[in-house]
Structures are given as structure tokens and as C-alpha cells.
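# 3D, please:
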Amino acid sequence: MAALGGGLVALILGIIGIIYYHVYFFKALAAGVPAMLILGGALAVYLGFEELKDKRNTPDTFDDSATSLKSEVETLKDEIRQLKEEKKESENKDQ
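Residues are numbered from 1 along each chain as shown. Below you'll find the model as predicted:
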């Protein structure tokens, strides 16, 4: 309940402050927006370069592991086929 009251007071004081000091508010906004754009753009460029470096230095181990997994799946399929055939043969012998 205290947070609700404090938030309401802060909201009202903020609105009153913008009404009385709107010139200063717009000056601060005019100065702050370009600065934020410059800093955000610099951060995006830096992160883009880091991502490119990571992609360039990462070995292609994913391709190797995918082919080894595919071959393992094929061998397991063959084993399952053999087990099914053995089961059918043992059922035929029992009958």
C-alpha cells in the first residue's frame, strides 16, 4: 500500500515538474536522446564485431558431430532390425 501511495505522489510531482519546467525537460531530452543513440550504436557495432570474430574462430565441429550421430542412428536401426528378425525366428520355432 505504501508503494502505491509513493508511486502516486511521484507521478503527480513528476507531472507538475514537467508542466512548470517543461523547457528544461525538453532541453534535457534533446541532449539525452542523441547521446543514447550514439552509445547504443557503439554497443551494437562492438557486439556485431565480437559475433563475427566468434563465428570466424569457431571450428565446424557441429557438422562432424551431426554425421557421427547419423551413423550411430543407422547402426542402431540395423541392430533393431536384427533383433526383430531374431524374435520372429524364435517365435516361428516355438510354434
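
# per-residue confidence for the residue nearest the centre of the chain?
Central residue of the chain (Cα atoms, centre = their mean): residue 51, 13.6 Å from the mean position. pLDDT recorded at residue 51 is 91.

# domains of the chain?
Domains of the chain are assigned by automatic domain parsing as 18-58, 62-95.

# let me have the ones you listed in CSV, adding distance to residue 2 as columns.
In short, each C-beta sits where N, CA and C put it, glycine included. Output for the domains of the chain, formatted as CSV (distance: least, Cβ to Cβ, whole Å):
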stretch, distance to residue 2
domain 18-58, 25
domain 62-95, 54
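
# nearest to residue 9, out of those domains?
Minimum separation from residue 9 across the domains of the chain (Cβ to Cβ) falls at domain 18-58, 15.1 Å.

# so how far is residue 22 from residue 29?
10 Å (Cβ to Cβ, to the nearest Å).

# cool, and residue 67?
Taken as Cβ to Cβ, the span from residue 67 to residue 22 is 66 Å.

# how about residue 82?
Taken as Cβ to Cβ, the span from residue 82 to residue 22 is 82 Å.

# swap in residue 43?
Noted for residue 43: a distance of 31 Å to residue 22, by Cβ to Cβ.

# lowest average pLDDT across the domains of the chain?
Sorting the domains of the chain by mean pLDDT places domain 62-95 lowest, at a mean of 82.

# residue 66 - how many residues pack around it?
Using other Cβ atoms under 10 Å, residue 66 has 10 neighbouring residues.
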